[in-house]
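J.: A structural model of the following input is requested.
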Amino acid sequence: MTDQEILAEMQADTPLNRARRIFSGACGRIEQAGLQRRPASPIEIRRMEFEAVRQIAEALGVIE
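T.: Below you'll find the model as predicted:
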């Protein structure tokens, strides 16, 4: 994608942009969970990953 296409997509309310927002937020939460005094366990991280994937799939219309 070109820079202009990215900027246009970020301003649009499309399934792709909704999925990107979910992905971006989940990445931040997972990163923060790993930086805590008591880091999230591998199972907790996987739980967060699966939740993010479920939300992304819903945003893209893959599952309901």
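
J.: what segments of the protein are strands?
T.: For the chain, applying DSSP state E gives no strands.

J.: and the gap between the most centrally placed residue in it and residue 47?
T.: Centroid-nearest residue in the chain: residue 23, 1.4 Å away (criterion: Cα atoms, centre = their mean). From residue 23 across to residue 47, the span is 16 Å (Cβ to Cβ, to the nearest Å). To be clear about C-beta, it is placed using only N, CA and C from the backbone, and glycine gets the same treatment.

J.: repeat for residue 16
T.: Counting by Cβ to Cβ, the gap from residue 16 to residue 47 is 25 Å.

J.: could you do residue 6 as well?
T.: Separation of residue 6 from residue 47 (Cβ to Cβ): 30 Å.

J.: so where do the helices sit in the protein?
T.: Assigned by DSSP state H, the chain shows helices spanning 3-11, 15-34, 42-59.

J.: just checking, what packs against the second one?
T.: Right, helix 15-34. helix 3-11, helix 42-59 (3 or more Cβ pairs under 8 Å, 6 or more residues apart in numbering; DSSP states H and E).

J.: any buried residues in that helix, and which?
T.: 17, 18, 19, 20, 22, 26, 30 (16 or more other Cβ atoms under 10 Å).
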